[in-house]
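Visitor: after the sequence you'll find the predicted model.
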Amino acid sequence: MDDVAIDEYAEQLVHTMAIELTHPHERECVICYVLRMLDEFGCDTTLRFARDYRDLRAPRATALEARLGSMGGFCDCEIFLNGMRRARHLRTYDEYGDEVDGKPLPPCAGVRRGSTQGCAHWVRRRRGPYGEDGY
Ligand SMILES: [Zn+2]
Ligand SMILES: [Zn+2]
């Protein structure tokens, strides 16, 4: 391999890794994708990752931002603060019964292509009369 080939190879590798890092995985749902991007890059107070997912995977889902907004998700991190939470079997509780940061989530359970729904790892937050989640 001469120098040029090595350069090209390295460039290709970086490109492949960048795509792996920033693009939704095959069948990865929008919620797992946004969470993965937030872990890596943080929230910029917009729905940029939700929008990226939509543009890459479900360009016709023009109502996605409105749907996220209706659950209080006006930026990527608010999707998790106000909108979605881990399904019960993926939560961890301390001895007082309070939810704590648990194990990392398993890889996305997968959705059909073109869907903008969360996978089986996620449920909608529900607000009860005392700010408690319904379940
Ligand atoms: Zn945010
Ligand atoms: Zn998922």
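Guide: Right, received. Where do you want to start? Ligands and ions are numbered 1, 2, ... in the order given.

Visitor: what residues sit buried inside stretch 100-108?
Guide: 105, 108 (16 or more other Cβ atoms under 10 Å). (C-beta placed from N, C-alpha, C; glycine too.)

Visitor: now swap in stretch 79-97 and tell me
Guide: Residues of stretch 79-97 classed as buried: 79-80, 82-87, 90 (neighbour count, 16+ other Cβ under 10 Å).

Visitor: which pair in those spans the largest distance?
Guide: Using Cβ to Cβ, the pair of these lying farthest apart is Asn82 and Leu90, separated by 18.5 Å.

Visitor: any weak-confidence spans in this structure?
Guide: Residue ranges of the chain with pLDDT under 70: 1-2, 128-135.

Visitor: pull the longest helix from it.
Guide: Longest helix in the chain, counting residues (DSSP state H): helix 3-22.

Visitor: from the chain's centroid, how far away is that helix?
Guide: Centroid separation between helix 3-22 and its chain, computed with Cα atoms, centre = their mean, to the nearest Å, is 25 Å.

Visitor: ok, stretch 109-126 next?
Guide: The chain centroid and the centroid of stretch 109-126 are separated by 10 Å under Cα atoms, centre = their mean.

Visitor: try stretch 62-76
Guide: Mean-position distance between stretch 62-76 and its chain equals 13 Å (Cα atoms, centre = their mean).

Visitor: next: stretch 19-29.
Guide: In terms of Cα atoms, centre = their mean, the centre of stretch 19-29 is found 10 Å from the chain centre.
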